[in-house]
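Engineer: could you work out the structure for the sequence below:
(one chain, ligands or ions: 1)
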Amino acid sequence: MADDSGGPVLVDIVVSGCDIVTIDERNSVIRDGAIAVDRGRIVWIGPAADASVRYRGRSVLDGNGRIALPGLIDAHIHTAQQLLRGKISAIGRTRALKQPIWKNYLIPFESILEPEDVHLSGLVCYTNMLRVGTTCFAEAGGPHPDQMGEAALQVGIRGFVALSTVDQSETIGASVPKSMLTTTDEAYQRNVSLVNRWKDRDRVKAWLALRQIIVCSPELIKGIAAAASDLDVKIHTHLCEGTYEIDYAGEKFGKRPTEYLEDLGVLSRHLHCAHSVLLSPEEVDLYAKHRLSACHCSFNNYSIGQPRLIEMWRRGIDIGLGTDGAAAWGTLDIFQVAHIARVAQQAVAGVPWHIRTPLTSDELLRIATMGGARALGIEKEIGSIEVGKRADLLLCDCTEIDQMPVDDPLFVASSILVGRDVRTVVVDGQIVMKEREILTVDVEEIRRRLAVRLPVVMERFERAIA
Ligand SMILES: [Zn+2]
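Structural biologist: All right, here's what the predicted structure looks like:
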């Protein structure tokens, strides 16, 4: 690996002295290891002692006292709801909340956002994600996705943006505000042109979207599915998320939601289904048969039903973890989503049959990384620390007394670390956060813009839901 003169090869980044939790097939952990990164990819992994004779880094990251992990993946996030963090709880303290929340509060909130508000939401949201170790996201579909994409490029995160796609407003909860409702044809055209506008970008691309079956006509669902197949791109949707949705499908089509979609002929690996909580056994079979991907949002899912994460994961269904955005439960920390999923799967799947640990913390960390990568269809590119993959890496502190002892880095990584332990983040071979300082955007400037804009946005929102 030496250059022609026999000296060390010059590469973009060398990280040395860390414990590497690779999440490769064998779950390898390298103590006192090193990673060489060049042109966006991992080119070498090995013992720290060998690194200096082989590689010289333009940037050198000291890995002492750090655990290196693959970047976490948020497989279901609502960028445009970032400024709504905590607001639903605050409203709930003053009056009874109307159900369903997404139709009564979330879509009305999105409807009052200007493009520049969504750009600001993106800057806040994506910076927030990097700070807690998320290096890749799948946007659920919101207003002004181009502004999300621009913000993602600026912040330096990897992701897939998507458009909120609604072409009907059936009478369940509130009606969809006019600005969020389009004709079927317009919804189709806007989705396809969004994907085409972003298809040649490297780190940020666009997906198609269908908000969910209640607000999308069968014609639109079929059209978007055909476009997904033509463009070879995913469709982000919400599926089996609430009892009202199951009742809607039952009353209107005499079917479960997934069976209704099967009837339309749209089930395929292109369909990415957030939540996927209230699945009948037959619907889980359909997920496995048609290779649908799913996202498990622990903070929400256990208040909806008894999600069968363990069963879906063991059956090989591509499933990742998601936060559902800051408006849902506030945090964007995927470490916490994983911790909650472990305990909650114990309660719903372990306790009834006295299985002591149905899903281990190690497996949850794998779901948060490789699971998410598989769900997003990019498992060959990211999700683990392996030679040839894109360099999306975290260096997490493990020197605090409350983290001691670090006898088993895999245990510390999967059970002890939380987002705020992440010190340094590399995305696509670029150092985007170093020792907790974001290097790509001016965080103080974002803070100032937020302080000015938030009251204006909230005033509009209060009027919209009055
Ligand atoms: Zn959602």
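
Engineer: next one: Ala2, what pLDDT does it get?
Structural biologist: Note on Ala2: pLDDT of 49.

Engineer: same question for Ser179.
Structural biologist: Ser179 is assigned a predicted lDDT (pLDDT) of 85.

Engineer: list the contacts for the residue nearest to Leu261 when sequence neighbours are not counted?
Structural biologist: The spatial neighbour of Leu261 that comes closest, neighbours along the chain excluded (CB to CB, 6 or more residues apart in numbering), is Leu267 at 5.6 Å. (C-beta placed from N, C-alpha, C; glycine too.) Shown in contact with Leu267 (CB atoms under 8 Å, 6 or more residues apart in numbering): Thr258, Leu261, Leu286, Lys289, His290, Leu292.

Engineer: please repeat the previous calculation with a cut-off of 7 Å.
Structural biologist: By CB atoms under 7 Å, 6 or more residues apart in numbering, Leu267 lies in contact with Leu261, Leu286, His290, Leu292.

Engineer: closest to the ion among the residues you listed?
Structural biologist: Leu292 (16.2 Å; CB to the ion).

Engineer: I'd say that closest one and Cys273 touch.
Structural biologist: Yes. Leu292 is within contact range of Cys273, at 5.6 Å (criterion: CB atoms under 7 Å).

Engineer: just put the contacts of Leu267 in TSV and tack on distance to the ion and neighbour count.
Structural biologist: As requested, those are exported to TSV (distance: CB to the ion, whole Å; neighbours: other CB atoms under 10 Å):
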residue	distance to the ion	neighbour count
Leu261	17	29
Leu286	21	17
His290	21	16
Leu292	16	27
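
Engineer: in helices, which of those residues appear?
Structural biologist: The helices, defined by DSSP state H, take in Leu261, Leu286, His290 from these.

Engineer: distance of the residue of the stretch 351-466 of the chain found nearest the ion from Thr369?
Structural biologist: For the stretch 351-466 of the chain, the residue closest to the ion is Ala375, as judged by CB to the ion, at 14.4 Å. Ala375 is 11 Å from Thr369, where distance means CB to CB, to the nearest Å.

Engineer: equivalent analysis for Ile42, please.
Structural biologist: To Thr369, Ile42 is 14 Å away according to CB to CB.

Engineer: the more surrounded of those two?
Structural biologist: Shown here are Ile42 and Thr369; by other CB atoms under 10 Å, Thr369 has more neighbours (31 against 25).

Engineer: residues touching Gln168, list them.
Structural biologist: Applying CB under 7 Å, 6+ apart, the residues near Gln168 are Val215, Cys216, Ser217.

Engineer: give the buried residues for stretch 365-379.
Structural biologist: Buried residues in stretch 365-379, counted by 16 or more other CB atoms under 10 Å: 365-379.

Engineer: out of these, what pair is the most spread apart?
Structural biologist: Leu365 and Gly377 (20.4 Å; CB to CB).

Engineer: other residues contacting the longest helix along the chain?
Structural biologist: What stands out as the longest helix in the chain, according to DSSP H, is helix 443-465. Applying CB under 7 Å, 6+ apart, the contact partners of helix 443-465 are Leu83, Tyr105, Pro108, Phe109, Ser111, Ile112, Asp117, Leu120, Leu123, Val124, Thr127.

Engineer: between those, which is nearest Gly65?
Structural biologist: Nearest member of the contacts of helix 443-465 to Gly65, counting by CB to CB, is Thr127, at 24.7 Å.

Engineer: isn't the closest one right up against Glu437?
Structural biologist: No. Here Thr127 lies out of contact with Glu437, judged by CB under 7 Å, at a distance of 11.3 Å.

Engineer: the closest residue to the ion within the stretch 1-150 of the chain: how many residues sit nearby?
Structural biologist: Using CB to the ion, the closest approach of the stretch 1-150 of the chain to the ion is made by Ala140 at 4.5 Å. Using other CB under 10 Å, Ala140 has 28 neighbouring residues.

Engineer: need the nearest residue in space to it, chain neighbours excluded.
Structural biologist: His78 (5.0 Å).

Engineer: which ones are touching the one you found?
Structural biologist: Ala140, Gly142, Asp324, Gly325, Ala327.

Engineer: can you pull out the helices in the stretch 351-466 of the chain?
Structural biologist: Along the stretch 351-466 of the chain, counting by DSSP state H, counting those that start in this stretch, helices occupy 361-366, 372-375, 409-411, 443-465.

Engineer: cool, and the stretch 51-200 of the chain?
Structural biologist: Using DSSP H, counting those that start in this stretch, helices in the stretch 51-200 of the chain cover 87-94, 101, 107-111, 115-131, 145-155, 184-198.

Engineer: contacts for the fifth one?
Structural biologist: Contacts of helix 145-155 with the rest of the structure, by CB under 7 Å, 6+ apart, involve 79, 115, 118-119, 122-123, 126-127, 130, 139, 142, 159, 161-163, 194, 198, 204, 206, 440-441.

Engineer: redo that, cut-off 6 Å
Structural biologist: 79, 115, 118-119, 122-123, 126-127, 159, 161-163, 194, 198, 204, 440-441 (CB atoms under 6 Å, 6 or more residues apart in numbering).

Engineer: quick check: bridge partners of the residue nearest to Pro145 when sequence neighbours are not counted?
Structural biologist: Once flanking residues are discounted, Pro145 sits nearest to Val161: 4.2 Å by CB to CB, 6+ apart. Following DSSP bridges, Val161 is listed with bridge partners Ala206.

Engineer: what count of nearby residues applies to Val161?
Structural biologist: Residues lying near Val161 (other CB under 10 Å) number 29.

Engineer: contacts only, for it.
Structural biologist: Neighbour list for Val161: Glu139, Pro145, Met148, Gly149, Ala206 [criterion: CB under 6 Å, 6+ apart].
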